[in-house]
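Chemist: predicted model and sequence below, questions to follow.
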Number of protein chains: 2
Amino acid sequence: MLQNPEFEQPVYSISMAAHLLSISVHTIRMYEREGLIIPHKKESNQRLYSKADLERIQCIRRSINESKVSINGIKRIYSLIPCWEIVKCSDEDKSKCEAYKGHEQPCWTYQNKSTKCEDLKCRSCDVYYKYSQCSEVKDLIKSISR
Amino acid sequence: MLQNPEFEQPVYSISMAAHLLSISVHTIRMYEREGLIIPHKKESNQRLYSKADLERIQCIRRSINESKVSINGIKRIYSLIPCWEIVKCSDEDKSKCEAYKGHEQPCWTYQNKSTKCEDLKCRSCDVYYKYSQCSEVKDLIKSISR
DNA sequence: AGAAGTTGATATTTATAAATATCAACAATT
DNA sequence: AATTGTTGATATTTATAAATATCAACTTCT
């Protein structure tokens, strides 16, 4: 699934990421707690961020600070990504999937037990990785229509 | 397009609507200014609201006050409604349509010049009327996939 | 082994979105 | 003709989301 090894490489500590983005460590962790981002973690449980992660965080930041979309609004927009088309869910998968039924949380914030997602790591799933910006969500909806 | 004549009949003045909803007149007009609702207007330019309008406003109110989605977030969610499928736009319509290209405003807030929407009144269009709640937007995206 | 950085959890601050208020001009109702 | 309600535009208030700060326990690095 990964596109560009260097871009995707988790290399920055949380403090370095915060420094590069000119925000506080706490803010980054808040976005994670809210389910907007999924950081890579070392065996010791410490977070690591890639350049792609930094871009995603900046996009979230612009949505909040410039476009005035609240965090809960961003969550709802992410929840509209047609993940079932991207991962090719069967009708049975759909019927068991809380993410498919809901419209408040991004699919990657659910446990996804007993669906085909249960063994996938969301961080490298196209649903999370490729369609993270608001404009891209609409492009995706366009592409699946008909 | 109208479903239930009584439900759709614009009968309440803005002050009556505000009273029935336990909110201020100003709040209703703010939602209109933001492009979330389209009231019926008398020849004298005064607004009139139907029961359907009241339900729509209550839904917006729940999104803001309970779900903590900001007004700009609601606008972006509305902008994701696949209107081009509902009104059956041609490729040419799409290429001329600002609403199709954008992702920040509901389609009914655009002028829609020189598209097939230009002569439609958005207030009675299915895009505006039927898919006004957040959960319904996701249902609609589901229905157009494949 | 000690310094610097990280973790999660909770509390506090601040920036601002949402709601309300005010106004003079105009419309509707009795 | 007078009262009540509406309009649009602007200003003010208030409720709270987003960001920051604090803490003690735990990692990492030299």
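Modeler: Received it, and whenever you're ready, just let me know what you need.
Chemist: now do the same contact list for the closest residue in space to residue A:46 that isn't next to it in sequence.
Modeler: Nearest in space to residue A:46, with sequence neighbours left out and distances taken as C-beta to C-beta, 6 or more residues apart in numbering or on different chains, is residue A:13 at 7.2 Å. In short, each C-beta sits where N, CA and C put it, glycine included. Residue A:13 sits next to A:46, A:47, A:48, A:49 when contact means C-beta atoms under 8 Å, 6 or more residues apart in numbering or on different chains.
Chemist: please report how far residue A:13 lies from residue A:47.
Modeler: Separation of residue A:13 from residue A:47 (C-beta to C-beta, to the nearest Å): 7 Å.
Chemist: please see if the longest helix along chain A touches DNA strand D.
Modeler: The residue-count maximum for a helix in chain A (DSSP state H) belongs to helix A:51-65. Yes - using C-beta under 7 Å from any atom of the strand, helix A:51-65 comes into contact with DNA strand D via A:61, A:64, A:65.
Chemist: pLDDT wise, what is the nearest residue to the second one once chain neighbours are set aside at?
Modeler: Think residue A:64. Nearest residue to residue A:64, sequence neighbours excluded (C-beta to C-beta, 6+ apart): residue A:71, at 6.8 Å. On pLDDT, residue A:71 comes in at 96.
Chemist: and residue A:71, how many neighbours?
Modeler: Applying other C-beta atoms under 10 Å in any protein chain shown, we find 20 other residues in the vicinity of residue A:71.
Chemist: backbone phi and psi for it, please?
Modeler: In terms of degrees, to the nearest 10, the main-chain angles of residue A:71 are phi -60, psi -40.
Chemist: host element of the closest residue to chain B within chain A?
Modeler: Of the residues in chain A, the one nearest chain B is residue A:73, at a distance of 2.2 Å by C-beta to the nearest C-beta. Using DSSP states H and E, residue A:73 maps to helix A:71-79.
Chemist: ok, the residue nearest to residue A:64 to residue A:77 distance?
Modeler: Per C-beta to C-beta, residue A:71 is found 11 Å from residue A:77.
Chemist: start from the N-terminal end of chain A and give the helices.
Modeler: Using DSSP H, the helices of chain A run over residues A:5-8, A:14-21, A:25-33, A:51-65, A:71-79, A:83-86, A:91-96, A:98-101, A:126-129, A:134-144.
Chemist: okay if I get the ones you listed as CSV plus distance to residue B:119?
Modeler: Output for the helices of chain A, formatted as CSV (distance: least, C-beta to C-beta, whole Å):
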stretch, distance to residue B:119
helix A:5-8, 47
helix A:14-21, 48
helix A:25-33, 45
helix A:51-65, 34
helix A:71-79, 31
helix A:83-86, 34
helix A:91-96, 39
helix A:98-101, 38
helix A:126-129, 39
helix A:134-144, 24
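Chemist: please identify the most buried of the ones you listed.
Modeler: helix A:71-79 (a mean of 23; mean count of other C-beta atoms under 10 Å in any protein chain shown).
Chemist: distance from the chain centre to it, please.
Modeler: How far helix A:71-79 lies from its chain's middle: 11 Å, per C-alpha atoms, centre = their mean, to the nearest Å.
Chemist: sorry, back to before: how close does the residue of chain A closest to chain B sit to residue A:118?
Modeler: 28 Å.
Chemist: can you check the pLDDT for the residue in chain A positioned nearest to DNA strand D?
Modeler: Chain A approaches DNA strand D most closely through residue A:44 (2.0 Å), counting by C-beta to the nearest atom of the strand. We note a pLDDT of 82 for residue A:44 in this prediction.
Chemist: many thanks, I have nothing further to ask.
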